[in-house]
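Engineer: attaching a predicted model along with its sequence, questions to come.
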Amino acid sequence: MEKDILNVSDLNVYYRNKQNLMSRIRGNSERSLQHVLKNVSFSMKKGEVLGLVGESGCGKTSLAKAILGMQKQYDGEIMLDCPNPQMVFQDPYSSLNPAKKIGWILEEPLRMRARMDKGKEKDRLSRAERQEKVDRMLGRVGLDVKLKEHYPAELSGGQRQRVAIAAALLCGTDFLIADEPVSALDVTIQAQIIRLLLKLHKELGISILFISHDLRVVYQMCDRVIIMKNGEILEQGKVEEIYGNPSTDYTRLLLEAANL
Ligand SMILES: Nc1ncnc2c1ncn2[C@@H]1O[C@H](COP(=O)(O)OP(=O)(O)O)[C@@H](O)[C@H]1O
Ligand SMILES: [Mg+2]
């Protein structure tokens with residue numbers, strides 16, 4: 001049995017929203033707290049692809065941020081057995097520096113590691129070694145090395161998402177959170193990126209928390225799935241079991257809406 005890579009127990013996240021005038025007049029500070037994640041508990045095995053499904057605004061990204069340490073205020077416990085988890089976003093524009101060429105962007109995590117490991121001379125990669133790693137990774141994610149000379153804006157959406165995935169993997173991570181990574185792409189490109197993520201999962205053994213509002217996509221990607229609504233986990237289990245025999249009306253509705 002594989003070990004857990006992630007264990008979340010009784011996670012609660014609140015956002016303190018700006019108070020509106022009425023609640024300020026009433027002096028009621030409670031009203032400004034939004035309870036975004038409610039007693040969320042689940043775990044993930046090393047090497048697993050776990051789906052997280054729920055409608056927009058239900059708290060998926062908030063959960064991802066808490067796991068990655070980007071949302072520091074929460075109640076509960078998060079244990080992540082990975083020193084450098086990485087995230088791939090729906091819109092890779094937000095994570096790719098528009099002023100830099102793809103080659104520079106992909107080499108940056110390797111340069112950064114070299115800067116952090118200053119003392120350890122033997123672990124430092126030469127420029128040629130870094131470039132070789134980048135070239136190999138470009139091949140792995142199905143991109144031509146010629147793209148190194150291009151800027152993010154010159155790439156298609158699918159190519160940009162491949163670059164974002166390559167950049168995450170060049171950090172040497174074995175845990176990826178993919179937050180709606182194909183939601184902004186055409187269906188055929190979606191299928192290509194899903195095939196790529198599955199290939200990387202098989203070849204490198206990386207664990208993937210795959211966030212989506214699309215049950216079809218999750219069916220293609222994941223071993224297990226969590227169904228979330230309004231910040232709560234409604235049900236979780238094997239994809240075939242939940243899709244074949246949903247235990248809540250909400251899941252049934254989602255399945256019907258997806259024609260599944
Ligand atoms: N930084 C924030 N501050 C205040 N409210 C937020 C913040 N981020 C998200 N929210 C609110 O929390 C809820 C959940 O958002 P989010 O986690 O982004 O959902 P999802 O990713 O499922 O669409 C939404 O109501 C959203 O408006
Ligand atoms: Mg989101």
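Structural biologist: Structure received. Ligands and ions are numbered 1, 2, ... in the order given.
Engineer: how far does stretch 235-244 sit from its chain's centre?
Structural biologist: 21 Å (Cα atoms, centre = their mean, to the nearest Å).
Engineer: so what touches it?
Structural biologist: With Cβ atoms under 8 Å, 6 or more residues apart in numbering as the test, stretch 235-244 has contacts from 42, 51, 215, 218-219, 222-227, 246-248, 251, 255, 260. C-betas here are computed from N, CA, C, even on glycine.
Engineer: can you get me the start-to-end distance on it?
Structural biologist: 13 Å (Cα to Cα, to the nearest Å).
Engineer: near ligand 2, which residues of the stretch 51-200 of the chain are found?
Structural biologist: 60, 61 (Cβ under 5 Å from the ion).
Engineer: just the contacts of stretch 235-244: which are in helices?
Structural biologist: Judged by DSSP state H, the contacts of stretch 235-244 include 215, 218, 219, 251, 255 as members of helices.
Engineer: tell me how far stretch 41-48 is from the chain's mean position?
Structural biologist: So, by Cα atoms, centre = their mean, the centroid of stretch 41-48 is 14 Å from its chain's centroid.
Engineer: so for stretch 68-85, what gets flagged as buried?
Structural biologist: Within stretch 68-85, the residues scored as buried using 16 or more other Cβ atoms under 10 Å are 68, 71, 74, 78, 80, 82, 85.
Engineer: how long is that stretch from one end to the other?
Structural biologist: Stretch 68-85 end-to-end distance (Cα to Cα) = 7 Å.
Engineer: hmm, back to that, which members of the ones in helices among the contacts of stretch 235-244 are the farthest-apart pair?
Structural biologist: Across the ones in helices among the contacts of stretch 235-244, the longest distance by Cβ to Cβ is 12.9 Å; it joins 219 and 251.
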